[in-house]
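Q: Let's see this in three dimensions:
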Amino acid sequence: MRQNYFGARALLTSALGSWRCTSARPLDTAGLVEAAVGCQIIIADRATACAAEAFAALPELAAVCRVAVDIRNIDVAAAGSTGC
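A: The predicted structure follows:
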């Protein structure tokens, strides 16, 4: 199922710049931070939480895109306070 969201055909990001797929499974906060160091955009499924600690640890982050309809496990206040 994850291939539907994160496969090359679904992402179509090569025209926008370089990208990398870092995990075939949802990441915890520490794993997300480790995978996203130096990134400006995170594209995550709904099982990967984006907690305040992630925004604090990733100063280059500009956006978090969710491959789902909800944002219940994204700390929106923390994102806004960092300009993301």
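
Q: for the protein, which helix is longest?
A: Longest helix in the chain by number of residues (criterion: DSSP state H): helix 29-36.

Q: Counting neighbours, which bits of it end up buried?
A: 32-33, 35-36 (16 or more other Cβ atoms under 10 Å). Heads up, the C-betas are built off the backbone N, CA and C, glycines and all.

Q: Just flag the most distant two among those residues.
A: Distance extremes for those: the farthest pair is V33 and A35 at 7.4 Å, using Cβ to Cβ.

Q: where does the chain dip in pLDDT?
A: 1-21 (pLDDT under 70).

Q: At the geometric centre of this protein, which residue do we find?
A: I42 (2.6 Å; Cα atoms, centre = their mean).

Q: tell me which element it falls in.
A: strand 41-45 (DSSP states H and E).

Q: For that strand, which helices and strands make contact with it?
A: helix 2-6, helix 29-36, strand 63-67 (3 or more Cβ pairs under 8 Å, 6 or more residues apart in numbering; DSSP states H and E).
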